[in-house]
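Chemist: here is my input; please provide its structure:
(2 chains)
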Amino acid sequence: MTKEISFKSPGFSQRIKSMLGVDFYRLFHTPMFYIFLAIAAIIPAMIIGTGGMKNAQTGEISPQLYTNVWHIIAATKPLYVVSDISQYANMNMVFIFGGIMVSVFVGHDYKSGYVKQLFTTHSKKQDYMISKTVTCAFAIVCMCITYLLGAVLAGLLKGLSFEVNYASLFLAILGKMAMSLGWASLYTFLNVIFRKYFGISIASSFFLGTGILIIGAASIMGNSSSLNIFLYGSSVYACLSSSVQTLVTCIGCSMLWTFIYNVAGSVILSKSDVY
Amino acid sequence: MNAIEIRNLKKNFGIKRALSDLDLTVPEGSIYGLIGENGCGKTTTEKIICGLLGADGGSVKLFGKSHTDEETRAKIGALIEAPGCFPNLSVWNNMMIQADNLGIENAEEEVVKILKTVRMEGAAGNKYKNCSLGMKQRIGIAMALLGNPELLILDEPLNGLDADGMRIMREILTDLTQKGECSVLISSHILGELEKIATHYGIMRNGKIIREMTARELEENCRTYVAVRAGDMSQTKTLLELRYMHTDESEDGYLRVYDAFSPEDVVSYLYKNGITVTEIKSDKIGLEEYYIDLMSEVSK
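Modeler: Coordinates of the predicted model:
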């Protein structure tokens, strides 16, 4: 047989466009995505709603954790050391749930064998990392939005104060949303490392999402701004006293770690057995 | 040009050697049947070709280029173990996802065409998780066929297929290769079916190809025999063993005489010795028996 075979590889933009199209299609057709959006809305609403409630049996009134609704969105100051749970429990919690969501979403690629289909054909490993990171970052941003809506609605019903510097609040929210990209890349990376161990990938995502390593480092180093180089540090830095510099720091940190995790993930996928 | 050319391929999983110096050649336009017992390394070989596993040594070339070459890989269609489909999505959506990943421009048209080819057009709206094993296998084949691959790698594609499914599969593969559009590497334990379509064979054992041959060579290697049934089988057996060098008893109760001149020769010999033949047929050893014989020969 002397048939001449000519191969044509699609360009980067075409590849990434089709991969993103598939990933977003899957995201919107996954019930889990909507469940996590609901969880992100319910959590702040529950925290606000249960504060100040009277125990029917003992008659005791539970402490009101927040008097200002925006304190559940971001801390007043960037405090890396947890001294008060109300300073810790804010929109950063979305990154913890986001980690679980990303683990389930990416883990399903391996569980279903979808990656076999994907990597057998022309898909490059870096395309996979980029596509998952972008899709999951979008999902985490959506969770941030529903978290915000849940908090505002609960705050309105509970009659909490809405007093704040709105410019700083806006920058803080934007900063946290910008951090979603970095967090999504971390979780995608963890799922690539532990692709054969679904449970470990969820556990590791949860563990790192809590920021416990940075909290531990801060307890030794003190409240140092050098911690802003890390994802959790910058996420904390996006607080109610944020400035444009805060947003730039968040974007820079997020982009840096996204680059690192994407390159590392691509290398690992290229050098090791995929499936 | 060979569609696949593997030389000295090695793969270890920890201390376990999965492939050791495996050589395999799939000529372009052929249907290459990869045969071997469970765990001999068939799937590992296919996964390495598809780029899902890395090799520890040796070379894999597809159409003369390295198997890691992205452009070459774009023309592979594969079904390894089971199709990678999302259970909660419909057959149609799963197919469209694969079509998108492949960058097929007229995706809808192509998916309709392929689903018709595998007779799955009526089940396009079904959720994948609700499909039967045979249907899932057909979907897997359909996904592998998307994008007009130049090379099809099919791992146990006949498992779970009903008689109609197997016939369709035969027709598809024969059609593709006869047109010269495609080369196929297919592993299967259903040797009777494989024999109907394969043009080349590779028999694997312990991570190595122990024999590679064409269908013609297999035919030449397969001995003809005369199978006999008679009234007194034990006396018939004694008589046949006296006259013919190679005789044995088959699983279906026939006495086989290999290398006999003709059935008539056997009948007249037995008749002269007072044995009435009730059934007689002339046949050839098939792939399955050839494989079993070879395996027992190698094991000795």
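Chemist: surely residue B:146 meets residue B:104?
Modeler: Yes - assessed by CB atoms under 8 Å, residue B:146 is found in contact with residue B:104 at 6.7 Å. Quick note: C-beta positions are derived from backbone N, CA and C, even for glycine.
Chemist: and for the residue in the stretch 101-250 of chain A that chain B sits nearest to, the neighbour number?
Modeler: The stretch 101-250 of chain A approaches chain B most closely through residue A:113 (3.4 Å), counting by CB to the nearest CB. Using other CB atoms under 10 Å in any protein chain shown, residue A:113 has 18 neighbouring residues.
Chemist: ditto for the one 3 residues further on
Modeler: Around residue A:116 sit 23 other residues, with neighbours defined as other CB under 10 Å.
Chemist: packing partners of the helix or strand encompassing it?
Modeler: Element membership for residue A:116 (DSSP states H and E) is helix A:114-120. Counting contacts by 3 or more CB pairs under 8 Å, 6 or more residues apart in numbering or on different chains; DSSP states H and E, helix A:114-120 packs against helix A:93-111, helix A:125-158, strand B:76-79, helix B:91-102.
Chemist: now do the strands in the stretch 51-200 of chain B.
Modeler: In the stretch 51-200 of chain B, the segments counted as strands under DSSP state E, counting those that start in this stretch are B:57-62, B:65-66, B:76-79, B:151-155, B:183-187, B:200-205.
Chemist: ok, which of those comes nearest chain A?
Modeler: strand B:76-79 (4.6 Å).
Chemist: so for the closest one, what's the average pLDDT?
Modeler: Mean pLDDT, strand B:76-79: 91.
Chemist: one more: stretch B:209-223?
Modeler: 85.
Chemist: how close does the spatially closest residue to residue B:160 that is not a sequence neighbour sit to residue B:34?
Modeler: Once flanking residues are discounted, residue B:160 sits nearest to residue B:133: 3.8 Å by CB to CB, 6 or more residues apart in numbering or on different chains. For residue B:133, the distance to residue B:34 equals 22 Å [CB to CB, to the nearest Å].
Chemist: which one's more surrounded, those two?
Modeler: Neighbour totals were compared for residue B:133 and residue B:34, and residue B:34 leads with 27 against 12 (other CB under 10 Å).
Chemist: so who does the more buried one touch?
Modeler: Contacts for residue B:34 (CB atoms under 8 Å, 6 or more residues apart in numbering or on different chains) come out as B:24, B:42, B:45-46, B:185-188, B:201-202, B:204.
Chemist: follow-up on the earlier one: redo the strands of the stretch 51-200 of chain B as CSV? Include distance to chain A and mean neighbour count.
Modeler: Compiled in CSV, the strands of the stretch 51-200 of chain B are given as follows (distance: least, CB to the nearest CB, whole Å; neighbours: other CB atoms under 10 Å in any protein chain shown):
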stretch, distance to chain A, mean neighbour count
strand B:57-62, 10, 18
strand B:65-66, 8, 12
strand B:76-79, 5, 26
strand B:151-155, 8, 24
strand B:183-187, 9, 26
strand B:200-205, 13, 22
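Chemist: neighbouring contacts of the helix holding residue A:116?
Modeler: Taking CB under 8 Å, 6+ apart as the rule, helix A:114-120 contacts A:108-109, A:125, A:128, A:269, A:274-275, B:50-52, B:73, B:76, B:78, B:80-81, B:83-86, B:98, B:101, B:143, B:153.
Chemist: again, 7 Å this time
Modeler: With CB atoms under 7 Å, 6 or more residues apart in numbering or on different chains as the test, helix A:114-120 has contacts from A:109, A:128, A:274-275, B:50-52, B:76, B:78, B:80, B:84, B:86, B:98, B:101, B:143.
Chemist: got it, and stretch B:272-280?
Modeler: By CB under 7 Å, 6+ apart, stretch B:272-280 touches B:226, B:228-232, B:235-236, B:239, B:263, B:266-267, B:270.
Chemist: now restrict those residues to buried residues only.
Modeler: Taking 16 or more other CB atoms under 10 Å in any protein chain shown as the criterion, what is buried in the contacts of stretch B:272-280 is B:226, B:228, B:230, B:236, B:239, B:263, B:266-267, B:270.
Chemist: out of those, which are inside strands?
Modeler: Among these, the residues falling in strands (DSSP state E) are B:226, B:228, B:230.
Chemist: who are the contact partners of the last one?
Modeler: It stands for residue B:230. Shown in contact with residue B:230 (CB under 7 Å, 6+ apart): B:236, B:270, B:275-278.
Chemist: need the pLDDT of it.
Modeler: On pLDDT, residue B:230 comes in at 88.
Chemist: who does it bridge with?
Modeler: Using DSSP bridges, the bridge partners assigned to residue B:230 are residue B:277.
Chemist: check the gap between it and chain A for me.
Modeler: 50 Å (CB to the nearest CB, to the nearest Å).
Chemist: same deal with residue B:37?
Modeler: 23 Å.
Chemist: how many other residues sit next to that residue?
Modeler: Residue B:37 has 13 nearby residues by other CB under 10 Å.
Chemist: residues near the closest residue to residue A:50 other than its chain neighbours, how many?
Modeler: Distance criterion CB to CB, 6+ apart; nearest residue to residue A:50, sequence neighbours excluded, is residue A:62 at 6.4 Å. Residues lying near residue A:62 (other CB under 10 Å) number 11.
Chemist: out of the contacts of residue B:230, which one sits closest to chain A?
Modeler: residue B:277 (48.1 Å).
Chemist: measure the residue in the stretch 1-150 of chain B positioned nearest to chain A to residue B:276 for me?
Modeler: Of all residues in the stretch 1-150 of chain B, residue B:84 sits closest to chain A, at 3.4 Å by CB to the nearest CB. For residue B:84, the distance to residue B:276 equals 61 Å [CB to CB].
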